[in-house]
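S.K.: sequence first, predicted model second:
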Amino acid sequence: MSPGISLAAENIFTSGTFWSAAAVIVAAGAGIGAVWATLRSGNPKRRLRYDIYTSPLVELPTGVLEIRRNGTVLTAPQLVQLELENTGHHDIPAAAFENVPLKLVVGAPLMDVLNVESQPPEQAPPTVTIVDDELHIAPTRLGKGQRVTILALIDGDAQPSFRCSLLNVEIVYGPPSVSGRRWYHSVVYVGDLLIGAGIGLGIIWLIDRFGLPW
């Protein structure tokens with residue numbers, strides 16, 4: 001390093017203006033960090049997303065094809081798929097159900113639950129039962145990022161509706177939102193950078209004021 005560069009660096013770090021600005025940045029960073037930490041801890045953001053899909057099992061030409069399920073002739077077989085996903089920042093505990101199951105009201109005869117799948121597979125899927133023309137999803141813990149897919153067979157045209165009430169959990173309808181997740185992670189990243197910058201400048205200020213401890 002040349003003497004000119006060394007002198008310039010020394011002038012910067014011994015300048016009262018620099019340390020006044022650094023003190024302001026430290027204070028701002030600490031304030032932002034405190035607010036950010038409070039928001040993240042005090043607002044856990046539990047959120048459950050759901051979506052419903054229906055599709056005919058097959059087209060049944062009159063008098064050509066007959067489909068039976070458990071001995072019952074199906075006149076208009078359809079598949080109904082319910083997708084549940086914990087898109088929040090924390091697990092949804094079973095206590096949030098308050099002993100009340102989630103309900104998919106089909107409005108047509110429910111013939112069978114064909115499949116209940118959980119992703120990631122190490123997180124157990126909930127218990128699903130048929131009660132008249134409703135699917136009942138029993139209270140269970142839904143882990144952060146867990147997605148549950150339930151596939152059922154019904155007979156008849158239907159417009160299924162989802163009935164859900166969870167304590168301190170936001171319920172959102174629709175397909176996955178990738179942009180929303182990117183926005184959240186970007187905010188978290190910027191917040192963490194500001195906190196890190198404040199801590200780093202604080203350390204520099206302490207060293208300049210009190211010297212190195214060794």
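M.R.: Cool, the structure landed. Numbers count the residues shown, from 1 in each chain.

S.K.: going forward, measure contacts between C-alpha atoms and count neighbours the same way
M.R.: Will do.

S.K.: what's opposite Thr54 in the beta bridge?
M.R.: Beta-bridge partners for Thr54, by DSSP bridges, are Val80.

S.K.: confirm for me that it is in contact with Leu79.
M.R.: Yes. The pair Thr54 and Leu79 qualifies as a contact (C-alpha atoms under 8 Å) at a distance of 5.6 Å.

S.K.: now stretch 143-157: mean pLDDT?
M.R.: Summarised as a single mean, pLDDT over stretch 143-157 is 94.

S.K.: buried residues in it?
M.R.: Buried residues in stretch 143-157, counted by 16 or more other C-alpha atoms under 10 Å: 143-157.

S.K.: please apply the same query to stretch 110-121.
M.R.: Buried residues in stretch 110-121, counted by 16+ other C-alpha under 10 Å: 110-113, 116-118.

S.K.: who's in contact with stretch 164-179?
M.R.: For stretch 164-179, contacts defined as C-alpha atoms under 8 Å, 6 or more residues apart in numbering pick out 45-51, 92, 96-98, 101-103.

S.K.: follow-up on the earlier one: can you put the buried residues of stretch 110-121 in CSV and add secondary structure and pLDDT?
M.R.: Below are these laid out as CSV (DSSP: H, G, I helix; E, B strand; the rest coil; pLDDT from 0 to 100):
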residue, secondary structure, pLDDT
Leu110, strand, 92
Met111, strand, 92
Asp112, strand, 93
Val113, strand, 95
Val116, strand, 97
Glu117, strand, 96
Ser118, strand, 96
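
S.K.: between the residues you listed, which sits nearest Val58?
M.R.: Met111 (15.4 Å; C-alpha to C-alpha).

S.K.: these two touch, right, that closest one and Leu153?
M.R.: Yes. The criterion here is C-alpha under 8 Å, and Met111 meets it with Leu153 at 5.5 Å.

S.K.: got the CA positions of stretch 81-99 in CSV?
M.R.: Taking Å, rounded to 0.1, in the frame of the first residue of the first chain, the C-alpha atoms of stretch 81-99 are listed here in CSV:
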residue,chain,number,x,y,z
GLN,A,81,-58.7,-33.3,-5.1
LEU,A,82,-58.1,-31.1,-2.1
GLU,A,83,-54.7,-29.6,-1.6
LEU,A,84,-53.6,-28.2,1.7
GLU,A,85,-50.2,-26.5,2.2
ASN,A,86,-48.7,-24.8,5.2
THR,A,87,-47.2,-21.7,3.6
GLY,A,88,-46.5,-19.9,6.9
HIS,A,89,-43.3,-19.4,8.8
HIS,A,90,-44.1,-21.9,11.6
ASP,A,91,-45.8,-25.2,12.1
ILE,A,92,-49.6,-25.3,12.6
PRO,A,93,-50.2,-27.2,15.8
ALA,A,94,-53.0,-29.6,16.3
ALA,A,95,-54.3,-27.3,19.1
ALA,A,96,-55.1,-24.7,16.4
PHE,A,97,-58.0,-27.0,15.2
GLU,A,98,-59.7,-26.6,18.6
ASN,A,99,-60.9,-30.2,18.2
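
S.K.: which residues sit against it?
M.R.: With C-alpha under 8 Å, 6+ apart as the test, stretch 81-99 has contacts from 44-54, 104, 139-152, 165-169.

S.K.: how about the strands of the chain, start to end?
M.R.: Per DSSP state E, the chain carries strands over the ranges 47-56, 67-69, 72-74, 77-86, 102-105, 110-119, 128-131, 134-137, 147-155, 161-163, 170-173.
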